[in-house]
Each structure stands twice: as structure tokens, then as C-alpha cells.
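Asker: What would the 3D arrangement of this be:
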Amino acid sequence: MGSRQGAQEHADPQRRGADRQVRQGRDQDPGGESGLAHKAVSTAVHTIEEAQERVLELRRLIEYHNRMYYVLDQPEITDAEYDALFRELVELETEYPELVTPDSPTQRVGGPPSDAFAKVTHRVPMLSLNNAFERDQVREFDRRVRRTLGEVEIEYVTELKIDGLAMSLLYEDGRYAVGATRGDGYVGEDVTANVKTIPSVPLSVTVPAEFPSTFEVRGEVYMPKRSFQRLNAELAGQGKPLFANPRNAAAGAVRQLDPRITASRRLDTFIYALDPPGSARTQAQILSLLGEMGFHVNPIFRTQTSIDGVLEFLDEWQDKRHELDYETDGVVIKVNDLGQQAELGFVSRSPRWALAFKFPPEQAETVVSEIKVYVGRTGAITPVAWLEPVVVGGTTVSRATLHNEDEVARKDVRGGDHVIIQRAGDVIPEVVRVISDKRPGTSRPWHMPQNCPECHTPLVREPGEAVTRCINPLCPAQVREHLRHFVGRSAMNIEGFGYATLDQLITRGLVKDPADLYHLTRDQLLTLEGFADRSAQNLLERIEASKSATLARFLFALGIRHVGDHMAGILAEHFGSIDRLQSAGVEELQSVGGVGPTVAAGVHEYFQRPESRRLIDRLLEAGVTIKAPDRRSGPLAGKSFVITGTLKTMTRGQAEERIKELGGIPGSNVSKKTDYLVVGEEPGSKLEKAQRLKVAILDEPAFLALIR
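Answerer: Here you go, the predicted model:
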């Protein structure tokens, strides 16, 4: 029934239709009172009152059938019948625009793309769970719970741990209002428009009479395996990079700036938390209530009266998880009784009443066909084992990284070896060990080649480093990977550059570095395989749109060694402009909170190279504009903070990130210029220095009050 999503993705609000007759449909009464199937009556709409009545009826029917299809997996009508209902609603709302409301099914996809995501402070922190990897750790969790609660009856609820993206949905007066990512647990990103496109998210719900007007649900947004396979097949056909796993694909889809792209990715949800819980007194009752309210609840959960029952559930789904159409990487164990949960409370950043058991990575035996090396963006040479294809964790694996020359030697991996592989974290395939007694007698130890396989430049391994590198900056492989990095989602975010397109541009000499991208013409693109007038124009428009970038994105796009997107943000926040950063010395760089000697040396070395400065100049000349961070906004604007000791409610990194979001400046050393010292448990010598310099001191509760 795949056309349903298409009906919602591609419905044209401008489309008009003369036919106002009610379509024939095999639709069950969504009111739930009569329980009788009925067919809609053929009747024409002549007045706005009739239109309003029919619009309300169509919305009820569509939301009902959405729930039957997406939530309960029990469709009652055909795709053609559903599409007819949806088209009729679109036509009526087009003719009578005054009848359009935000919670209409036609409004799931709408609005222009955003420039960026706003921040949302969570009403209640979205805390993480403690992890367990061994059965003994689960039994120890049970013992801790019983020690705290004493001699009382304890029930647990076991739920599958969905490998997706944690999400908060806020409803006001029964209508969907805000969707937010988990973020750092305290502040997330506002992805309201994107989440609205997910069919299993109800835009309006019927709540019990005693329920407050505002309530929040939480759960996971995930990509079903079928959707993931379809998406990667589409990307492969377009010559674009593939997603490594459904979780990454789901996270990428939710964080698209254009909701229409999110809608096309066919996401789903499982909801498991409700605040306030209403009349529910247990977690099992919460799940039941959520289902009654219209949310998609995973039916695979079980109440357990003993820890042995919990362990049986773990074993059962560890073996059966690959039968599911979604990824699960473990089981969440919760004390069922909400009163007992409150009594157990929280420790640090996790509840004492819940535990996440992570399934061990699956392993399989296969044969190494050969070992090849690949050249990365920074010239790093990575050996990769090519394998006889084998299914691991429900995925066919044909390659596994061997990391570096020392790792190959340590494991003594050779061509022809029988090996045990696993997907580390159930994601990245790796060779665990060699089965030595199956080694063929003709095998020979593997050695790193002396020359780059792409440009034949002699390879170099610096003393004390594990990585071997190609030091030719014009190496075609490095150029291609650098360009791929530059156009990536977290960098300049230029969609449309797949492997095939970049290879053609490099081979034909049209692009040698990122600045060349901004000089491409329509005629040049039309010479490439796979390009026509429309696709060429679309790519040029995306390139043009990327010219306005934040300083953090620009720095990350440059591909400076040791500078990921987080470090790029720290540098952008501190220096404020590319000119200031280029002129900074190693000592000044090291004085920035979070910047160590390796990063400082790498950044300084990059900006000292003439070719780096030439690239930046050419990018600016091509029209790239860099937006400096706005330090004037936010309640902490311009205030400097240093943290000492251990915070109970968040990590130091999370606290510093929150300070930056509110306009403040995190630092690492106390000085006369420091405005506040935040003091956690077991503070160091910074506290004494702050007292001496008369710096304002905040304990953790005072700090939390300030940042919320």
C-alpha cells in the first residue's frame, strides 16, 4: 500500500476538481460507536456549510485509516480508495481555503525549507539510561532495586530498545504543537515541521476529560528496514553515498531543512512515555493509554514478576530480532509501578528504575579474499579486508576495516584466511580474529604498499604515528574525498554530488579543489553523464544557496585535521571571524577551552600553508560569505564561565554547549576576566583561585537555574 505516503507527499494544494461527489469507500465508522462498516453516499457539496461538514468527515476518515494502516497494521481499504478520500479533501480545502486548519492531514507536508533549526529547552530533561552488557549486570540491577524498595512486590516491564532517534512531542489542547530532538538532554532542536510529516504521528488526539491541556509524549523515530533498503537503492541509482544503517538514515531525515525530503523518507515512530501519565499507575498502563490515544506503540513488551522472566525475554529477542522490520539493539527494563519509580528516583543523569541491556554484536565466519588499501581525505591509508559475502546481524557484509598497518600485523590477517567478523556496535564490520588452523599453507604476511595506489606517490609514516599517509595534496583520491567532505550535510550542505558526478568533474579537469565548484557552468554540467537542463539548473541553485555559511560550517568544510564539527563550533565561537583564526598562534589556540595541543598545532599548521590561504581567498572571491556567530543574543551574552569539579546533572561538555547556546563563553582557566565559576563535586584548585580573584561562584542548582 505504498501509494498512501505518495498521496500525502505530492498532494497539490492548487489542484482543483469539478467533482465534489463523495467517493465510494469501504470505510469503517471512525467514531467507534456503531462498529459497522459503511459506504459513503454519493452527494454533491453546494454550500460552505456542506463543505465544512464533509471536510470534517473526510479528516476523521483519513486519520482513522492512517491509524489502521500505520499504527495497527490492519488496513481496511485499498490504496485507491484512500487516495480518493485524500484527493477530495485537497480539492475541498483548495476551493474553501478558510476551512484549512493546522491539524488537517493535507498539512503534514508544507512550508518552505528552513535555514536552521531553533533550539527547544525540554520541560523535563530527556535523560539517558545506564547500559548493561552482561546478564550479571541485569541481576545486580534487580538487587539494587530490591535493596532500595525493601520487601515489596516488584514487577518489571521489558520493552525492545529501538535503534532510532529519541524524540519529544508536545501537544496543546489535543493538537500536535512541537517536535524536538533529544539534543544534549536539556536542549534539543525544533523539528516540528519534519516530524509532522510522519504518518504515525497523530496531528490531533482525543484525551481523557481529566487530562491537562498540555502534555508531552516521548519515543523513537526510526526508519523501517524496507524504507532503508529502498532509500539506499535510490541513492545508489543516483550515484550518491549510501547510509550505513537505518538509524543514521532516520537521524538524517529528521534533520533535513526541507520537510518534503523528510516526508519522502518513510519514517515511523514508537511512543513509550507520557507526561503527565493521567490515570495510569504503571508503565504498562501508560503504553495502553498511549495506544488508545492514537499513538504508535510497539506491541512487543511484557510485564515480568521476576528477574528470570526478564532474562528469558532478553534471550528470546536476541535470537528473534532479525525477524523484525526495524532495528533493535537491546531491551529496556523498567520498574513497572510509577510510585516505585518515584521512590527510586535518579542518580547523576540516569533513572535508578530503568536499565538498557545491549545485545552483543553478532559474529560470523567468512574468508578474506584480499586486502586492499584506500586513500582518505587527509591522505590516511586504510587497509580493508574484502570478504566472501556473509550475513551478519541481518546485513550482508563483504568488506571490513582493518584500521591500519599495526592492526593488520597484530591480528596477522592475510589473504585467504578464515576469519570471525562482527558488526561493532551492530554497525561497523570488523575482523575479530583469524582462525589459524584453517590458514592455507600458501599464505604470506601482508605489508603496506610503498606507493599510493591512486597517484603512486611514496607513502610516509611519521615516527610515533599509527597512520600511513599519501602526502600528495593533488592525489585524485584525496581531492575526491575532500570534495565529498566539503559538500556534505554538516559542511556546506550541497546535495547532488555523488561519487559518479565528482569523479567525472575531477577526470575532466573541471574541479581540482572546492573553490572550483563555485565556477561551474550549466554548459559544463551538461557535458556530464546523467545531467539534463533541469538537473543541471537544480545543482547550480544548490551551489549558489550554499554560499552563505556559518563560520562553524565553513571551518568544518575546509577539512582541517582534528577539527570535527564540534571543534569547528568551539573555534568559531571563540574567534568570531576567519581572519582572527588565521592569525592565531599555537599558544592562543591552546588557550581556548576544549582545544588541546594536537588540535592547536593542526589548525596553526593548516593556516600557515600558502595553498590553504589561497583556497580560502578563492572561496571568498567566488562569493562565499561567512556569517559570524551572534554573541550579542542570549541571556548569558558575553559572560565567561569556567567549570570545576563533577556536575551531577550533565557532563562538562554538555554544560559548555549550553553556555554557548545562551550566548556565554566557556573557558578552561580562571582569570580576572572570568565572570562565573561553576562548582561541582570535588572541585579543584580553580575554586581557590576564583575566591582569591573575587570571581562569582555558582553551585550546580544556581547554574541550572541560570541556564534554564
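Asker: Looking at the chain, which helix is longest?
Answerer: When the chain is scanned for its longest helix (criterion: DSSP state H), the result is helix 48-66.
Asker: Quick one: mean pLDDT for that one?
Answerer: For helix 48-66, the per-residue pLDDT values average out at 82.
Asker: Enumerate every residue touching the residue positioned nearest the centre of the chain.
Answerer: Using CA atoms, centre = their mean, the residue of the chain that lies closest to the mean C-alpha position is Ala251, 2.6 Å off. Taking CB atoms under 8 Å, 6 or more residues apart in numbering, we find Ala251 in contact with Leu165. C-beta coordinates here come from the backbone N, C-alpha and C atoms, glycine included.
Asker: Give me the helices and strands touching the longest helix of the chain, please.
Answerer: Helices and strands touching helix 48-66, as assessed by 3 or more CB pairs under 8 Å, 6 or more residues apart in numbering; DSSP states H and E, comprise strand 27-28, helix 79-95.
Asker: what angle do the longest one and helix 48-66 make?
Answerer: It stands for helix 79-95. Using axes from the mean of the first three to the mean of the last three CA atoms, to 10 degrees, one finds that helix 79-95 and helix 48-66 are set 140 degrees apart in direction.
Asker: Can you point out the buried residues in helix 79-95?
Answerer: Within helix 79-95, the residues scored as buried using 16 or more other CB atoms under 10 Å are 81-94.
Asker: quick one: which of those is nearest Asn131?
Answerer: Tyr82 (41.8 Å; CB to CB).
Asker: Include mean pLDDT when you put the helices and strands packed on helix 48-66 into a markdown table, please.
Answerer: Listed next are those as a markdown table, based on pLDDT from 0 to 100:
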| stretch | mean pLDDT |
| --- | --- |
| strand 27-28 | 36 |
| helix 79-95 | 79 |
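Asker: Any idea which of those gets closest to Ile307?
Answerer: With CB to CB as the criterion, Ile307 lies closest to strand 27-28 of those, at 42.7 Å.
Asker: in this protein, what secondary structure element scores lowest on mean pLDDT?
Answerer: Every helix and strand of the chain was ranked by mean pLDDT, DSSP states H and E. The lowest is strand 37-38, at a mean of 34.
Asker: Tell me, how many residues neighbour the residue lying closest to Asn194 once chain neighbours are set aside?
Answerer: Using CB to CB, 6 or more residues apart in numbering and skipping the chain neighbours, the partner closest in space to Asn194 is Thr262 (4.1 Å). The tally of other residues near Thr262 (other CB atoms under 10 Å) stands at 26.
Asker: Same question for Arg444.
Answerer: Count around Arg444 with other CB under 10 Å applied: 8.
Asker: and it, what is it in contact with?
Answerer: By CB under 8 Å, 6+ apart, the contact set of Arg444 is Arg414.
Asker: Now it: which helix or strand?
Answerer: Applying DSSP states H and E as the criterion places Arg444 outside every helix and strand.
Asker: Pop out the phi and psi values for it.
Answerer: Backbone dihedrals for Arg444, given as degrees, to the nearest 10, come out at phi -130, psi 150.
Asker: Check Arg553 too.
Answerer: Dihedral angles (degrees, to the nearest 10) for Arg553: phi -60, psi -40.
Asker: neighbours around it, how many?
Answerer: 20.
Asker: got it, and the one 5 residues further on?
Answerer: Residue neighbour count, defined by other CB under 10 Å, stands at 21 for Leu558.
Asker: And stretch 335-352, what's buried?
Answerer: 335-338, 340-341, 344, 349, 351-352.
Asker: What lies in contact with that stretch?
Answerer: Residues from elsewhere that reach stretch 335-352, judged by CB under 8 Å, 6+ apart: 127-130, 144-145, 148-149, 152, 154-157, 185, 277, 280-284, 286, 303, 334, 353-354, 648-651.
Asker: With stretch 305-323 instead?
Answerer: Surrounding stretch 305-323, the residues in contact under the criterion CB under 8 Å, 6+ apart are 135, 138-139, 142, 153, 155-156, 158, 160, 300, 302, 304, 328, 331, 333, 357, 359-360, 393-394.
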